[in-house]
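S.K.: Structure for the following, please:
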Amino acid sequence: MIQHINYPYGYYQVGADVYLNKLEAIYNAQTRHQPITWHFHDDVFAKIDWTIRPSGTLRDLYRDRAQQIRDNYDYVVVHFSGGMDSWTVLHSFLANGIHLDEVRTRWPFAERKYRPADPLNLNADNLTSEFEYAVLPVLEDIKKTHPKTNISILDYSDSFNIDALSEKDIAKMNKYQHMSTMFKFAKQSDNETLAESRGETVAHVIGIEKINCYKTTDAVTGKSKFNACFRDMFNLDSMPEHKQVELFYWSRDFPTIPILQAHCIKDLVKLRPDLEVWDNPGLSNVSHIEKYNKFRMLYQMACYPDYDLGTFQVQKQAGTIITENESWIQQYNPRFVESWNWALKQYITEKTSSFLDKRLGKIGGLTFIPSQYYLVE
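M.R.: Next up, the predicted model:
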């Protein structure tokens, strides 16, 4: 188990056995009728008193985290999707004069053959329009203000040209199982290849992820408790194992960021109880979209104060089997979709039945598994 403690994406445990692949852990947990736990750097975060608010502001911590990464690598790549998580990472470098070697974004541009970008459609099936309306404006600005920063726009459409998935591809279905799971982070830019040829160390900086906050009630005193935890909700399954990944917000090397985020969320909810989404009886009849909008506003105000909430963003998919924004692939290569459906049926079986998310009346994918809970207040 010791060798997995530093694994950047956490590890699963069933009994005394440790797994890095979620589906493998789930199969064993269900077959053996044992619980499954997910550990995310417990050796660091469990030793900290989360009730003590870290000093400074989030802007201070984001700046210092960006500088820490800059100091540790020769070539730094920030992966940018246009959302508040990755935008804030990008801003933490550039706004503080911390040199960034490359900004990288990845999209399946072949979709444009079948449907145009739409600035009015905010449904989840219009995800790729975020490239035109949330990503491109930022990249154009960087070209003008930071000309020494390389910009890489990668197209992974050709990943869907194959007619059948291999066992190696299917094995990459880990935390997520959508059609691009196996390919999204697989390509590297020409600039990164040049950096590697020079023998430089390369960091892939990813804006993962939002700290999750919950209220619980003490069984003895009946008092409300405010807790925080990590969730295994990030999708980096296609990132090559030899790459150096830096989770910007969730790092064992800079553990104060999620703790201060939790305190900022706690304080904001006290001022704006209408934004509370996890324990609010008034939201019992509110739609998923309305809850998501409140959730987005809460995190933007508490954790990403410099992000423009007016940035074009569509609704996010509610599960790990994401198909709404990938429907175009049926026209692009129906044999690939057929192969993916077959592979999905092999993985999503009775062996995973206890871990399927059916909140929306259909199977949305695998349930998220939290880390241990940390008391904030």
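
S.K.: Wait, a strand at S152?
M.R.: Yes - the assignment for S152 is a strand, going by DSSP: H, G, I helix; E, B strand; the rest coil.

S.K.: and the closest residue to it other than its chain neighbours, how many residues sit next to it?
M.R.: Spatial nearest neighbour of S152, chain neighbours left out: S189 (3.7 Å); criterion: CB to CB, 6 or more residues apart in numbering. No exception for glycine: its C-beta is placed from N, CA and C like everyone else's. Per other CB atoms under 10 Å, the neighbour tally for S189 reads 17.

S.K.: Report the contact partners of S189.
M.R.: Taking CB atoms under 8 Å, 6 or more residues apart in numbering, we find S189 in contact with 77, 102, 104, 150, 152, 154.

S.K.: CA atoms only for the helix or strand hosting the first one - export them in CSV, please.
M.R.: Element membership for V77 (DSSP states H and E) is strand 75-79. Listed next in CSV are the C-alpha coordinates belonging to strand 75-79 (Å, rounded to 0.1, in the frame of the first residue of the first chain):
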residue,chain,number,x,y,z
TYR,A,75,8.3,23.5,-19.0
VAL,A,76,4.8,24.2,-17.6
VAL,A,77,1.6,23.3,-19.5
VAL,A,78,-1.8,24.4,-18.2
HIS,A,79,-4.8,22.5,-19.7
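
S.K.: Neighbouring strands of that strand in the sheet, and parallel or not?
M.R.: Sheet neighbours of strand 75-79, with direction, are listed as strand 102-107 (parallel), strand 202-206 (parallel) (DSSP bridges).

S.K.: Is it possible to get the ones you listed out as a markdown table so that each row also shows mean pLDDT, mean neighbour count and distance to S166?
M.R.: Converted to a markdown table, the strands paired with strand 75-79 look like this (pLDDT from 0 to 100; neighbours: other CB atoms under 10 Å; distance: least, CB to CB, whole Å):
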| stretch | mean pLDDT | mean neighbour count | distance to S166 |
| --- | --- | --- | --- |
| strand 102-107 | 97 | 22 | 21 |
| strand 202-206 | 98 | 23 | 24 |
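
S.K.: in the stretch 151-300 of the chain, which ranges drop under the pLDDT threshold?
M.R.: Applying pLDDT under 70 to the stretch 151-300 of the chain picks out residues 279-288.

S.K.: Now do the strands in it.
M.R.: Along the stretch 151-300 of the chain, counting by DSSP state E, counting those that start in this stretch, strands occupy 202-206, 212-217, 224-229, 244-247.

S.K.: for R231, which residues make a bridge with it?
M.R.: Beta-bridge pairing for R231 (DSSP bridges): P370.

S.K.: thought it was touching P370?
M.R.: Yes - shown here, R231 and P370 form a contact pair, counting by CB atoms under 8 Å, at 5.2 Å.
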